[in-house]
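J.: here's a sequence, model it:
(chains A and B)
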Protein chains: 2
Amino acid sequence: MKERLILVSNDDGMHAPGLEALIETVKTFGKVLVVAPSEGQSGMSLAITIKVPLRIHKVRNESETNVIRYICSGTPVDCIKLAISRLAENKPDLIVSGINHGGNSSASIVYSGTMAAAMEGCINGIPSIGFSLLDISREADFSAVKEIAREIIEKVLAEPLPTGVCLNVNVPPVPLTGIHGIKICRQTKGFWIEEFDKRTDPNRKDYYWLTGLFRNLEPEASDTDEWALSNNYVSIVPVKIDLTSYETMDKIKNWETSMLVSLLKS
Amino acid sequence: MKERLILVSNDDGMHAPGLEALIETVKTFGKVLVVAPSEGQSGMSLAITIKVPLRIHKVRNESETNVIRYICSGTPVDCIKLAISRLAENKPDLIVSGINHGGNSSASIVYSGTMAAAMEGCINGIPSIGFSLLDISREADFSAVKEIAREIIEKVLAEPLPTGVCLNVNVPPVPLTGIHGIKICRQTKGFWIEEFDKRTDPNRKDYYWLTGLFRNLEPEASDTDEWALSNNYVSIVPVKIDLTSYETMDKIKNWETSMLVSLLKS
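T.: Okay, the predicted model is just below:
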């Protein structure tokens, strides 16, 4: 039987401790291919690089067995695309992304480079999981997430996810003994209220730094990822790559006739 | 009654003819605020700019009434965030994005900067629509899209979309007389098979250009946006910002107990 191939990426770059934690976790499951950005790509969403060419660089490390690493100049999605089409010997059996230094719950999922890598894997028909720890520091303790990630990966390998669905896993910043359990959640309704820190440069020109405060639109709901995390549960949100609102399709179906008539009259 | 405020953005930048076509279309509906990127931002998805500060520049045009324009150094999502929090006098009543030079159907929606602007508007609770024409040329004929966009905007203003849902509108590259009608569609299942054009620079280092071929996984299905467009219908896909797969939540709910037990044992 062919050895399992696990593709690892992230958005914090090849030198992030969270990536090392994830590589250590998946090593026991098979051969590991790491394709990670050369520098931080947080907030890059599913951006692809089309205006400049991509560079890849193989990392030599004689002491590391069963792990192959490439640094890529592009975004997390570029890393996954390059890995699948150019760097992997065969189609990966699993894609894991992270472990992100910082949370990706609620609306943050759409901006996250970590989840973008997982979603790109899912679009390509590969079981994919994004992991994030709610601690942005470089010295974050990943020991609990590693245990949890191992469990979740075992589940996904044993019981495949439905086609077109990947997982968004967020872990509260507490030791394993402080975690109350796992919650299968839905994405919390919420958004970021941007403040934009306005400053003036030495040439007297204004510039703005993006800053913001998260506003939870349903703080009372107990089936959301925000609730789970603030109550020290691990949140797992199954994420669809089909963005269609089927309910709305039914609701506006009548536009097909009314608009056609109107356009013909014009 | 306060005049309606319409926010316009795109991913092709302030100087794109498609943006002008959209501004002309929405002018009749109220006051127009345009916040568009300084240069092309195709494929930027919902990326946000956090590593460098943002610059904005008001465009002076004495001859233009009821249209205010700003150029922004960032991504389409940055444009919407800045517009809402810093540049609009009050919350916009409608956000329109485009008209994109090129299609954004099927899986392309997740990479599209045009749809990212619409999705960002939707996250902020504002009715939002992205428009794309399946013609990437700068000289594309936007006359049919303008008619269609006007009709759709009228519908959305008269009959508000459900909360958390925006529209992805794609128009085939034919004159209005060649359009067979409007189809309310779902997002086609498909993905891009990346080829990556590998080249060698004058310093003998390899580099890669992202190229790819779209693979439609369900070419026979007639309720998809790909089908509509290839049969000269306008496709309208209602798009959700809640990415949760509720079906999968039910399916993996049992992990909550099995994983808890397992973690406690570890």
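J.: and stretch A:221-228, how far out from the chain's middle?
T.: 19 Å (Cα atoms, centre = their mean, to the nearest Å).
J.: with just CA atoms, put that stretch into PDB.
T.: Only the C-alpha atoms of stretch A:221-228 are listed here, as PDB (Å, rounded to 0.1, in the frame of the first residue of the first chain):
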ATOM      1  CA  ALA A 221     -26.600  31.800  21.000                       C
ATOM      2  CA  SER A 222     -24.900  28.700  22.400                       C
ATOM      3  CA  ASP A 223     -24.400  26.700  19.200                       C
ATOM      4  CA  THR A 224     -21.900  29.100  17.700                       C
ATOM      5  CA  ASP A 225     -18.100  29.000  17.500                       C
ATOM      6  CA  GLU A 226     -17.700  32.200  19.500                       C
ATOM      7  CA  TRP A 227     -19.800  30.800  22.400                       C
ATOM      8  CA  ALA A 228     -17.800  27.500  22.400                       C
END
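J.: buried ones in it?
T.: Using 16 or more other Cβ atoms under 10 Å in any protein chain shown as the test for burial, stretch A:221-228 gives A:224, A:225, A:226, A:227, A:228. (Each C-beta comes from the backbone N, C-alpha and C, glycine too.)
J.: next SSE downstream of the helix or strand hosting the last one?
T.: Per DSSP states H and E: residue A:228 is located in helix A:225-230. Next helix or strand after helix A:225-230 toward the C-terminus (DSSP H and E): strand A:233-240.
J.: elements contacting that next one?
T.: helix A:113-123, strand A:165-171, strand A:181-184, helix A:225-230, helix B:246-252 (3 or more Cβ pairs under 8 Å, 6 or more residues apart in numbering or on different chains; DSSP states H and E).
J.: re the thing from before, hmm, who's touching the helix holding residue A:228?
T.: A:103, A:105-106, A:134, A:168, A:170, A:172, A:183, A:185-188, A:190, A:216, A:219, A:221, A:234-235, A:237 (Cβ atoms under 8 Å, 6 or more residues apart in numbering or on different chains).
J.: and what of stretch A:61-70?
T.: Counting by Cβ under 8 Å, 6+ apart, A:14, A:23, A:27, A:31-36, A:56-59, A:82-83, A:87 sit against stretch A:61-70.
J.: can you check stretch A:83-92 too?
T.: Taking Cβ under 8 Å, 6+ apart as the rule, stretch A:83-92 contacts A:2, A:5-7, A:9, A:33, A:35, A:56, A:70, A:121, A:124, A:126, B:193-196, B:198, B:208.
J.: what residues sit buried inside it?
T.: A:83, A:84, A:85, A:86, A:87, A:88, A:92.
J.: likewise stretch A:185-205?
T.: Of the residues in stretch A:185-205, A:185, A:186, A:187, A:188, A:189, A:190, A:191, A:192, A:194, A:196 count as buried by neighbour count, 16+ other Cβ under 10 Å.
J.: what about the longest helix along chain A, distance to the chain center?
T.: As assigned by DSSP state H, the longest helix anywhere in chain A is helix A:143-158. Helix A:143-158 has its C-alpha centroid displaced from the chain centroid by 16 Å (Cα atoms, centre = their mean).
J.: what does stretch A:242-262 give?
T.: 31 Å.
J.: close to chain B, is it?
T.: Yes - Stretch A:242-262 is in contact with chain B by Cβ under 8 Å from any Cβ of the partner chain, via A:242-249, A:251-253, A:255-256, A:259-260, A:262.
J.: what sits against the residue nearest to residue A:106 when sequence neighbours are not counted?
T.: Closest residue to residue A:106 apart from its sequence neighbours, by Cβ to Cβ, 6 or more residues apart in numbering or on different chains: residue A:188 at 3.9 Å. Applying Cβ under 8 Å, 6+ apart, we find residue A:188 in contact with A:105, A:106, A:107, A:216, A:217, A:218, A:221, A:224, A:225, A:226, A:227.
J.: same check on residue A:170?
T.: A:103, A:104, A:105, A:132, A:133, A:134, A:225, A:229, A:234, A:235.
J.: name the nearest residue to the most centrally placed residue in chain A, sequence neighbours excluded.
T.: When Cα atoms, centre = their mean is applied to chain A, the residue found nearest the centroid is residue A:115 (1.4 Å). With Cβ to Cβ, 6+ apart as the criterion, residue A:115 has its nearest non-adjacent residue at 4.4 Å, and that residue is residue A:130.
J.: how many neighbours does the one you found have?
T.: 33 (other Cβ atoms under 10 Å in any protein chain shown).
J.: could you do residue A:173 as well?
T.: With other Cβ under 10 Å as criterion, residue A:173 counts 18.
J.: ok, it to residue A:8 distance?
T.: Counting by Cβ to Cβ, to the nearest Å, the separation of residue A:173 from residue A:8 is 22 Å.
J.: perfect, that will be all.
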